[in-house]
Each structure stands twice: as structure tokens, then as C-alpha cells.
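Visitor: I need the structure of the sequence given here:
(one chain, ligands or ions: 2)
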Amino acid sequence: MGIVLGAIADDFTGATDLANNLVRSGMRCVQVIGVPDSPLALENVDAVVVALKSRSCPVSQAVSESLAALEWLQEQGARQCFFKYCSTFDSTDEGNIGPVSDALLDRLGAAQTVMVPAFPINGRTVYQGHLFVGDRLLNDSGMQHHPLNPMRDADLVRVLSRQTPLTVGLAARGVLAEGAETTRRHLDALRAQKVSHVICDTIDERDLEVIAQAVVDLPLVTGGSGLGQALPEQYRRRGWLSEVAEAGRLAPSGGQALVLSGSCSRATLGQVDRFLAHHPGYALDPLSLAEGSSHLQQALDFARERLAGGGPVLIYASADPERVKAAQAALGTEHAGRLVEKALGHLATRLVDEGVGRLVVAGGETSGAVVSALGIRTLRIGEQIDPGVPWTQVPLEGDRPPLSLALKSGNFGGPEFFTRAFEVLP
Ligand SMILES: Nc1ncnc2c1ncn2[C@@H]1O[C@H](COP(=O)(O)OP(=O)(O)OP(=O)(O)O)[C@@H](O)[C@H]1O
Ligand SMILES: O=C(O)[C@@H](O)C(=O)CO
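Guide: Numbering: from 1, shown residues only. Ligands and ions are numbered 1, 2, ... in the order given. A predicted model of the protein is given here:
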């Protein structure tokens, strides 16, 4: 018997977020970085999340990597496929949510999928197809300033329709309120009208349960990690899960404590400010990084000195929208981002080599860069720090104890996240 759920996540923090919710709902889950090129031991595993870095790359690359992940997950016997993207629907008019979903549907020979980005516990809800972050519409939530994929429209039917030639429809709250059977019939009716993508309203956990029940037999579901919290119960009812697993407890960790932040999201900016009130931090500036290696060397020296003094230490490129815009105007958006990601990846490898054993990374793209630089292939999910962000554990080479690693999505975590993370760790 193969795995029950095979998930493809378009970034690394998103993958960890989904894996965290699956584990908390009782699935035994492994997260892998990229499509594995060697066989994995998957006994006693119910779900595998393949973490890609396909959110902001060219469409053709996102499609081909996602299809390769699907093929691998099918080889592992996955009964259902889950395309995980951001709860703030991060994408542009070109993609990648639409084209990747289209390609997955086509490869699976399926006529329809649902789009369920909501994550109510973290304030992401959808009503009449409009995405809210807390009490703000998406386009007024700070996401309109995102460095790579500014979200300037909260109407997801409209947003997705710009990304796909297929027809996009809506399962509105009124339908969900009638229960799973009515929702399933609504999906069937839309399918008969050739609606391939159905944006689902979701205002609370109950809606997620209804959706999960209505879509458990679809070959492909898509969305945020909220749906991942509700699906395991449906798999259990189908008898597909053999036992209720407990979220793994990680071995106690040691080593120096470091935070690397490349996220410019509103929540991260607040967390950076709070951390700096009591702890040392060094600001990386893309314009100075572009001038040569001395700025990065200064950051490294700063971190070494402060880590030796006991830490935790923060190195951050996180900056307000004006400063991000200025750097992007001078360097180009992609180049500015790449300079920052490369610098943080370099700091991570050097400082982990030198004794950092507890590492928090903020930002999805940033996490992708850091995890790739560290050559990490698989992650074990451990204690949750805040909703959507668990500690994970990664084996290190030689006889070194494993690295404790937390990958924080830009807008996740409470204001004191960067200090709280180290308090939660055993
Ligand atoms: N000062 C800066 N100027 C320009 N670009 C920056 C700056 N600081 C960070 N960046 C880039 O902005 C991007 C931020 O994306 P990232 O995914 O890491 O964070 P996020 O969007 O807040 O997180 P998430 O995707 O989890 O919501 C990265 O590519 C990063 O390198
Ligand atoms: O869904 C979310 O908000 C996160 O898991 C994420 O993908 C941010 O990068």
C-alpha cells in the first residue's frame, strides 16, 4: 500500500506549514526538498510533502518541476494530490498557480479541482471569492507591496481567471452552509458546465471540514494548509489511515541561536522590531551587497562576535516598502532578491559550520535559498511554535547533533516570534 496524500508545495515554508498541519491532524508525514533522486524508506508514512521553489520562477519551470513531483508521488502510490500554495494566493498574472493547476489536472486526467487558500486560525478567510487577511482585503493587507508578487486584487475568481484559459467558478458560503452533500452536488453541477477551478469560500474551520468531506475523492485539491488540517479526518473515515500518529517530539537541541530574515512582510517587520529591542541584529542592504564582498563580511563578523557572546542574533534584509522599492529600482527586482538570498544562504552555511545549532529563517523564498545552500534533503516535523510554523530537525554530516530549523512564512507568527521560537525548543 502506498502513501495516502502526495503534496507539492510551491515554497519551503509553505511545505513545512502543510506538513505541520497534517502531523497535528494525525498523519505520519515526511517533507522532502525537491523531487528525491534516490529511493526513500516510506514505511509508516501517510503523506509526503515535496517542497519546491516554484512560486516565483518562470511558468515553464514551475510546471515541469510540479509534474516531476507528481510523477514521483504517483510512484509512491499517492491516492490524492495536494498542490499547496500560499494562503495569500501569491502569484502574478502569468502564474504560477493557474498554469501549475492546469498541468496537474491534465496529467491526472481530472476535470476539476478546488482552490482553498484559507487558513482561518491565521486570519486568512475567503468570502464571496474575496480573500481577507485578518479584517483587511488582500489588496489592503500589506501584500500589495510584496517584493516579488504584489497582490493588488482580492477577487480570486478574477485573479485566477487571468492565469488560466480554463473556467473558474465559486463555491460560496451559502452552499457550504448547506453541508458536504450540497457542496458536492454544486461541484458536480459546475463540472457539468465545464468549470475546472472552483474557488471555495471559507470563513471558519467548519467550512474546511465541509470542503474536505466534499473533495476527499477528487484526484487533485489545491490550497493553503488549512485544508490539510481537515483532510486527515476524512481519510480516517475512509479507513485509509491505520493509526493516529502523534506529532513528533524532537530530541533536545543545542548550539548557537541565529535568526536570518529576508522577509519584508508586515508581520516579519514587526517581529524584527520587537527582537531588536532586546537582542543584537545586523541589517543587510542589497545596494551595499551589490558593491562587493565587504558588507557581507561585516555581517559575518558581527554574527560571529555576538553568537560567541550567547546570542540569539538576527541578520536581516527585511525592510519597509520604500526601501525595498529603492533597492529594486536600482538593481532590478530579481537581482535585488537574489543578492539577499545568496548572502543569507552564505551566512547560514558558514555559521552552521561554525556552531549554530538552532536556526530560524523568515520568508518563503529566503527559506528556499537557505535550505538549498545548506544542502538539506529531508526535514522531520516537531513542535509547533505558532500556527503554521513548527520546529523541524535536520541531520548534519559527521557526528554533529542534528540542526533545529524553523522556516517561518512571511506573515506568520506572533509579534515575539523570534524570541518565542527559542523558548519553545526543548
Ligand atoms: N531590502 C530588500 N530589498 C529588496 N528585496 C529584498 C529585500 N529584503 C529581502 N528581499 C527579497 O524579497 C523576497 C522576500 O520573499 P520571501 O518569500 O523570502 O519573504 P515573504 O514573501 O515575506 O515570505 P512568504 O513567501 O513566506 O510569505 C526575497 O526574494 C528577498 O531576497
Ligand atoms: O500558506 C501560507 O501562508 C504559507 O504556508 C506560505 O506558503 C507562505 O510562504
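Visitor: Run through the residues of the stretch 201-350 of the chain sitting next to ligand 2.
Guide: 224, 225 (C-beta under 6 Å from any ligand atom). No exception for glycine: its C-beta is placed from N, CA and C like everyone else's.
Visitor: Now for residue 180: which residues touch it?
Guide: 210, 213, 214 (C-beta atoms under 8 Å, 6 or more residues apart in numbering).
Visitor: Which of the residues you listed fall in helices?
Guide: With DSSP state H as the criterion, helices contain 210, 213, 214 from among those.
Visitor: so which of those comes closest to ligand 1?
Guide: residue 210 (27.1 Å; C-beta to the nearest ligand atom).
Visitor: can you give me the strands for the stretch 51-200 of the chain?
Guide: Taking DSSP state E, counting those that start in this stretch as the criterion, the stretch 51-200 of the chain carries its strands at 80-84, 113-116, 124-127, 130-133, 136-137, 167-171, 195-200.
Visitor: The first one near ligand 2 at all?
Guide: No. In terms of C-beta under 6 Å from any ligand atom, no part of strand 80-84 sits within range of ligand 2; the closest distance is 7.0 Å.
Visitor: Any part of that strand near ligand 1?
Guide: No. Strand 80-84 lies out of reach of ligand 1 by C-beta under 6 Å from any ligand atom, never closer than 12.1 Å.
Visitor: Contacts for that strand, please.
Guide: 4-10, 14-15, 17-18, 49, 66, 70, 73, 100-101, 104, 108, 113, 216, 218-225, 227-228, 231.
Visitor: which helices and strands does the lowest-mean-pLDDT helix or strand in the chain pack with?
Guide: Taking mean pLDDT, DSSP states H and E as the measure, the helix or strand of the chain with the lowest value is strand 378-386, at a mean of 88. Applying 3 or more C-beta pairs under 8 Å, 6 or more residues apart in numbering; DSSP states H and E, we find strand 378-386 packed against helix 12-24, strand 29-33, strand 389-394, strand 403-408, helix 417-424.
Visitor: that older thread, identify those among the contacts of strand 80-84 that sit within helices.
Guide: Filtering these for helices - DSSP H - leaves 14-15, 17-18, 66, 70, 73, 100-101, 104, 108, 225, 227-228, 231.
Visitor: of all these, which two lie farthest apart?
Guide: Maximum pairwise distance in these, criterion C-beta to C-beta, is 23.5 Å, between 17 and 108.
Visitor: and those two? which has more neighbours close in?
Guide: Counted by other C-beta atoms under 10 Å, residue 17 and residue 108 do not tie: residue 17 has more neighbours, with 31 against 16.
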